[in-house]
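**Q** Attaching a predicted model along with its sequence, questions to come.
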2 protein chains.
Amino acid sequence: MGKGALTRSLEPLMRPKSIAIFGVSGDLTRFGGMPLRHLINHQYPGKIFPINAKYDEIAGYKCYPDILAIPESEEIDLALVVVPAKTVYETLKRCIQRGVKAAIVFSSGFAEIGGEGIEMQRQIRELVWDNHFLLCGPNTDGIGNPHERIPLGFATSMELLPPGNIGLVTHSGAVMNSIVYRCWDRGMGFTYHICAGNEAHLESSDYIEFMLDDPRTKVILAFIEGFKDARKFLAVADYALEKHKPIIVLKVGKSEKGSKAAASHTGALAGSDKVYNAVFKQKGVIRADDFDDLAATALLFQKCPLPKGTGVGIISVSGGAMGVMADKAAELGVELPDLALHTQKELQRLFHWAKPVNPFDLTGQMASDPSLLPKVLKLFLEDENVAFLVVTVTPFPSFFDEKFFVEIVEAARNSPKPVAVCTIRGFLREQYARVLTQADIPILYTPDECFRAIKALIDYSQFQERYRTREQNSRGLEPPISNPELEKMRRELMSTTRVLTERQSKAILSRYGIPVTKEALARTTDEAMARANDIGYPVAIKIESPQITHKSDAGGIRLNIQTAEELASAFAEVIMNARKYNPEAEIAGVLVQEMVADGLEVIIGISRDPQFGLTIMFGLGGIFVEVLEDVSLRLLPITRRDAEEMIKEIKGYKVLQGVRGQPPRDLDALVDTLLKVSRVAEDLDDQISEMDLNPIMVFETAKGIKVVDSLMILNQG
Amino acid sequence: MGKGALTRSLEPLMRPKSIAIFGVSGDLTRFGGMPLRHLINHQYPGKIFPINAKYDEIAGYKCYPDILAIPESEEIDLALVVVPAKTVYETLKRCIQRGVKAAIVFSSGFAEIGGEGIEMQRQIRELVWDNHFLLCGPNTDGIGNPHERIPLGFATSMELLPPGNIGLVTHSGAVMNSIVYRCWDRGMGFTYHICAGNEAHLESSDYIEFMLDDPRTKVILAFIEGFKDARKFLAVADYALEKHKPIIVLKVGKSEKGSKAAASHTGALAGSDKVYNAVFKQKGVIRADDFDDLAATALLFQKCPLPKGTGVGIISVSGGAMGVMADKAAELGVELPDLALHTQKELQRLFHWAKPVNPFDLTGQMASDPSLLPKVLKLFLEDENVAFLVVTVTPFPSFFDEKFFVEIVEAARNSPKPVAVCTIRGFLREQYARVLTQADIPILYTPDECFRAIKALIDYSQFQERYRTREQNSRGLEPPISNPELEKMRRELMSTTRVLTERQSKAILSRYGIPVTKEALARTTDEAMARANDIGYPVAIKIESPQITHKSDAGGIRLNIQTAEELASAFAEVIMNARKYNPEAEIAGVLVQEMVADGLEVIIGISRDPQFGLTIMFGLGGIFVEVLEDVSLRLLPITRRDAEEMIKEIKGYKVLQGVRGQPPRDLDALVDTLLKVSRVAEDLDDQISEMDLNPIMVFETAKGIKVVDSLMILNQG
């Protein structure tokens, strides 16, 4: 992938030609015998070396007392390790000594139990890193490689081992089994299904990268509690976009309880869910809602070409079911467009009573004249407003013979547009279902999973389109400040306090062309009056001191000063308040500032996520942020489209468009400001910890914005 | 039911002892032969009279050329009618003449096609009303009565006819089939499943009432597009609460498209979805999200005792799955409480590593010591914080033998608390599933359906508890105004204009003890000054004219008048503006009003729903109502609890509790005001069309509220 997170191939781990098994039991029905039993059952074609001093042979395989006892001539790709946690380190050391290339450690009792477990995990981590060894686990249920019939572990999914074109990675063995079963139940199979366990060495991103390079893998599923190395995932997500392979993620930890449950499981950092959402949006990663949604979405991605538009057409045999479908589509944001006029006309001609609308009810007329179905299918598939067609199949007398489904298959074959069938589990006869699945038409079982999956497919298709046309990659802002200028600024910041004053912060914003209030520092009353005359009344004054961050708490702000007289007394008062508030504070003076009227208050913030780095936040001022937590978030850097989406996705967007007699606001200037703030933060990435532009006043369309207050906090003083 | 929507029993329709079939085909494999075929297949024990002049007998039954040709001695309960729409009227007439008691009309071509169809439906409606006849349909797929093996119609669900204790009514035949199949697939069956069709006569509420009186029916499911008679449904919902039988409704028309799809289906009025939601909340009716949710919820209600609390405990074999469960619970508002301290201590004693939290992970330790399971189950079921227990069963090696499930059954048997199992479809072996179902432990297949169903059960249980203790019925407000006073007020309203002025509206509110601004009418500048002196500056003035409703549009308002001088010029200006705005308007004068400061703006409104009658609305002023549409709604009359819930359920509730340095507001006064406004509207029900109290200022705790502006619109001038 060029960005090269992994330098070596995972081949010896994922496709081993020979396997040693530590801690193997002689009784294959027992826990310790399961990995070997699975290998035997699936007729693993490579060599197997059981290691157990108590036996000479197990199940016909020669048994060795120790790995070093295996003849030098034998190359050993992989060790399966089922020994007590305390002896894992020693076992791995001997594997490395013997030239084994990789190991899967099933043993638990590491980071997931805390305390000494964490320390033991750190030790084996160092061991494998230092020796360029490949390690899966510990605390894993193993890896399945269905195409080559290689089951590596305990998990019940190793019994099934269904081949297909999905690659799966999870942290939890039970979850791996759940997903494998659910997908298998829907006729899907896997290239690899991987339980990453505690990820002492290899982590989800490494396995995903491997599967992106695997030509058989078309769709990647991941169950994620958190990332050890978030930046690595970003690189892998980019690589997936290049490879046109969708990554569908089920991430837990949306809720506090969910996050705790995740953290107690493998000790991974679950991270802030809002940041994950931002990351997934920016990288075209699909987020599933639960297990069934994950499986249904995988099915659609596996079977369907990407739709070339956003409109979904629905043909139904039941008016009632149509209502449920339409409600669900609306809830999930799936567009059900009106049909084109020519389609409407033709439907009207064909049907006596049915209204030519979308969703369309075939009505009883279809029962008496089955020749209508292919005509309706063709009309929908040729309608320019329809990019995806759903046929809902609910129990109805004398409607469904095999011909009904053959017609759907025929219509789909003659169209480049994706077609899916939504029905009820258990209703469709086996032979009808086979007609559909053999023609790669996905069958979905509830309106909910149907529209979630379709929405994911449409969104991904739109995202890929933008990615392809490089719009996604084009940077929104030209030109930034010059390099020497930037260097100078960075040097200045190195010698300043950790918390910049409002004036210092705004000076930096100003250099990037971000409009700020007219203002000037005044050390005396006379100076303040002179500045106020320059700026023009009314003015505001604010105490300036590096030690006073919360100026209003300190009584350090006076707004709307109308006259020189008022100014003089306000000046004295503000200085006095500040001295009282913090006698130690160095007071640089008072900032005299223009009063800004008629703007709508918004907030832009920068903060640092411990995993993903700098993020940018946008929201409306006041209750929208503080009560409704109505903000949008992205990782830096952002593109112009990201900035536009950030503005549109908040609930308060309507307010920016103008409500209650208020004018629409200057959204272009707002987009521009987001891009510029993103740029400031990027340029100062290693120096900056937080930024707060609050409030920013946004004026009417074409009248720009103005930053009224700002705060920057550096990484160090 | 006392409230007596129906005076006669539906017995002849639902449990006919003899049946005549019009339009029967001699070929039982054809459409027209299906009703007879279903009757024969299920060995219907009553008499059957096919009516068709072309045959002497069909399938061994003597065929009659006409209903009047059947010997007088034969009593005929029910006619099944499969004749062209145009001959239905004549057919029903002859049935009535012959003394038949009921008919199911399958024929379509009535209201659902509009135009002449509507007129034909009106005619048959009048015919059956006038003759005390029972009619199901037209445009129905029929009625199933599984316990007595009576299939009455075409629907494919008539083939299945699974007996059980669920009663189902829908508008659509395909939907009836969908629901019957889904429930059957989960091991449930029906007392009756009814397709109500166009409801020319009998409607959903009638069938529900019948099933509430049926001792076998425990749970009622309804698929609703709208109600012909909404008030009848309210009475039936009350009756259901008395009978302790839950009504679970899937109502379409949440979205505009869904509403259109519903309306085009049977021509029923889909109504405002927000009002339906309010009705369901007030009547303890459970609203399902989609078909699977409906079936899962029915299953839980059928199997589980009502939980005595709100906390749900989760025991899992997979840490990963727990995270998904916890996220879903949080999303759906299901409470996962912390365990009691004694439970935590005991869990800690039993498990080496597992954290004693809820959800609880049995971890690998359980695999090596299966005796832990019954102990953990007992601890959870005896924990006072746990009212409902879920055991999640996901694939895991060597965990699940029959004993595992027997332990669950045992634990559940020894506890009064409900227990459910959440697993993956297709994973649980048949024999394990049987262990659970035989012990009435419901099996659910996704976290989503699991928690939706549990939430519904808990909410219903809480509602029933309140209903039982009559809190739900106790009226919140004592005493209202006296009867003579009310009569006087009503008489006054009969002689006034349709739109009351602000002053008239507030006078009425005042009589009910609702605080309004101090104010007085002034016809001259001098009067205005005198009034302002009485009230105290600052004041507001507002034009008073029955013809000017939108006073600010007319330039008829001036706020914050500080002095007599300002008042004089404002008075002149306001009068002039009003004259210019509407030269015809009668100007009664100018209302001089106190200025109210420091309040938080809220809105209370009354409006009339065309189906359900008067409703009351509550919301915060400004963007909360206008941008976020953040309002709560109830039918009148409301109880104190309704009022409390209305306040708490809006998103802006936090603002009322105090944010951004603002104090908490007087919620008691607000509850009181909602109850009083409800009372005003009830007392004037037949006279009032709309009321608007906007804004109302809510002051700090214990400081009350004040209505600043108000508008009332009467039904007629």
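**A** Great, that's in hand.
**Q** which parts of the stretch 301-450 of chain A sit against chain B?
**A** Counting by C-beta under 8 Å from any C-beta of the partner chain, the residues of the stretch 301-450 of chain A close to chain B are A:317-331, A:336, A:352-353, A:355, A:357, A:359, A:361, A:364, A:367, A:394-398, A:424-427, A:445-448. Heads up, the C-betas are built off the backbone N, CA and C, glycines and all.
**Q** Any of the residues you listed buried? List them.
**A** Neighbour-count burial (16 or more other C-beta atoms under 10 Å in any protein chain shown) applied to those gives A:317-331, A:336, A:353, A:355, A:357, A:359, A:361, A:364, A:394-397, A:424-425, A:427, A:445-448.
**Q** Just those: which are in strands?
**A** Counting by DSSP state E, these place A:D361 in strands.
**Q** For the closest residue to chain B within the stretch 351-500 of chain A, give me the pLDDT.
**A** Taking C-beta to the nearest C-beta as the measure, the stretch 351-500 of chain A has A:P395 as its residue closest to chain B, at 3.3 Å. A:P395 carries a pLDDT score of 70 in this model.
**Q** okay, now the closest residue to it other than its chain neighbours: neighbour count?
**A** For A:P395, ignoring the flanking residues on the chain, the nearest one in space by C-beta to C-beta, 6 or more residues apart in numbering or on different chains is B:N177 at 3.3 Å. Neighbourhood size, B:N177 [other C-beta atoms under 10 Å in any protein chain shown]: 29.
**Q** B:N177 in helix, strand or coil?
**A** helix (DSSP: H, G, I helix; E, B strand; the rest coil).
**Q** Distance of it relative to B:L161?
**A** 12 Å (C-beta to C-beta, to the nearest Å).
**Q** check which helix or strand covers A:F451.
**A** A:F451 belongs to helix A:447-468 when assigned by DSSP states H and E.
**Q** Buried ones in that helix, by neighbour count?
**A** Judged by neighbour count (16+ other C-beta under 10 Å), helix A:447-468 contains these buried residues: A:447-458, A:460-464, A:466-467.
**Q** and what of stretch A:236-243?
**A** A:V236, A:A237, A:D238, A:Y239, A:A240, A:L241.
**Q** Any idea which helix or strand in chain A has the lowest mean pLDDT?
**A** Ranking every helix and strand in chain A by mean pLDDT, DSSP states H and E puts helix A:256-266 at the bottom, with a mean of 61.
**Q** Let me know whether the helix or strand that that helix is followed by sits next to chain B.
**A** As assigned by DSSP H and E, the chain's next helix or strand after helix A:256-266 is helix A:273-283. No. Using C-beta under 8 Å from any C-beta, no contact is recorded between helix A:273-283 and chain B, whose separation bottoms out at 8.9 Å.
**Q** mind listing what the closest residue to A:K218 other than its chain neighbours touches?
**A** Sequence neighbours aside, A:N165 is the residue nearest to A:K218 in space, at 4.2 Å (criterion: C-beta to C-beta, 6+ apart). The contact partners of A:N165, by C-beta atoms under 8 Å, 6 or more residues apart in numbering or on different chains, come to A:G189, A:T191, A:R216, A:T217, A:K218, A:V219, A:Q302.
**Q** Mind doing that once more with 10 Å?
**A** Under the criterion of C-beta atoms under 10 Å, 6 or more residues apart in numbering or on different chains, the neighbours of A:N165 are A:147, A:188-191, A:214-219, A:298, A:302.
**Q** what pLDDT does whichever residue of the stretch 1-150 of chain A sits closest to chain B get?
**A** The stretch 1-150 of chain A approaches chain B most closely through A:I113 (4.3 Å), counting by C-beta to the nearest C-beta. Predicted confidence (pLDDT) at A:I113: the value is 82.
**Q** quick one: common contacting residues for B:N177 and B:L161?
**A** Jointly contacting B:N177 and B:L161 under the rule C-beta under 10 Å, 6+ apart are B:A155, B:H193.
**Q** domains of chain A?
**A** Domains of chain A are assigned by automatic domain parsing as A:5-300, A:305-469, A:518-594, A:600-714.
**Q** Between these, which one is closest to B:G513.
**A** Taking C-beta to C-beta, domain A:600-714 is the member of the domains of chain A nearest to B:G513, at 31.1 Å.
**Q** Between the two ends of the closest one, how far is it?
**A** Its start and end residues considered, domain A:600-714 measures 28 Å (C-alpha to C-alpha, to the nearest Å).
**Q** Can you tell me, leaving aside adjacent residues, what's nearest to the residue most central in space within chain A?
**A** Geometric centre of chain A, nearest residue: A:F280, 2.2 Å, by C-alpha atoms, centre = their mean. Using C-beta to C-beta, 6+ apart and skipping residues adjacent in sequence, the residue nearest A:F280 is A:R287, 5.0 Å away.
**Q** The one you found: neighbouring residues, count only.
**A** Here the count is done by other C-beta under 10 Å, and A:R287 has 20 residues near it.
**Q** The one 4 residues further on too?
**A** For A:F291, the tally of surrounding residues (other C-beta under 10 Å) stands at 24.
**Q** Quick check: it touching B:E449?
**A** No. Look at A:F291 against B:E449 with C-beta atoms under 10 Å: they stay out of range, at 11.7 Å.
**Q** follow-up on the earlier one: show me the contacts for the residue nearest to A:F280.
**A** A:224, A:247-251, A:254, A:276-277, A:279-281, A:293-294, A:297, A:456.
**Q** I'd like to know the phi and psi angles of it, please.
**A** With angles defined as degrees, to the nearest 10, A:R287 sits at phi -100, psi 120.
**Q** who's it bridged to?
**A** Beta-bridge pairing of A:R287 under DSSP bridges involves A:V249.
**Q** Same check on A:L633?
**A** Bridge pairing for A:L633 (DSSP bridges) gives the partners A:M617.
**Q** which residues touch it?
**A** A:272, A:274-279, A:281-282, A:605, A:607, A:609, A:615-619, A:646, A:649.
**Q** Mind giving me the PyMOL select for those, buried ones only?
**A** Selection of buried members from these for PyMOL, criterion 16+ other C-beta under 10 Å:
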select buried, chain A and resi 272+274+275+276+277+278+279+281+282+605+607+609+615+616+617+618+619+646
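**Q** Pull stretch A:556-566 out as PDB, backbone CA atoms only.
**A** Taking Å, rounded to 0.1, in the frame of the first residue of the first chain, the C-alpha atoms of stretch A:556-566 are listed here in PDB:
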ATOM      1  CA  GLY A 556     -12.900  41.400  33.000                       C
ATOM      2  CA  ILE A 557     -15.400  42.300  30.300                       C
ATOM      3  CA  ARG A 558     -17.600  45.300  29.600                       C
ATOM      4  CA  LEU A 559     -19.800  45.400  26.500                       C
ATOM      5  CA  ASN A 560     -21.600  48.000  24.600                       C
ATOM      6  CA  ILE A 561     -19.700  51.100  25.900                       C
ATOM      7  CA  GLN A 562     -21.300  54.100  24.200                       C
ATOM      8  CA  THR A 563     -19.200  57.100  25.300                       C
ATOM      9  CA  ALA A 564     -15.700  58.100  26.400                       C
ATOM     10  CA  GLU A 565     -17.000  58.700  29.900                       C
ATOM     11  CA  GLU A 566     -18.400  55.200  30.200                       C
END
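**Q** Now do that stretch: distance to the chain's middle.
**A** A distance of 49 Å separates the centroid of the chain from that of stretch A:556-566, by C-alpha atoms, centre = their mean, to the nearest Å.
**Q** Just the element for A:A520, please.
**A** Going by DSSP H and E, A:A520 is in strand A:519-522.
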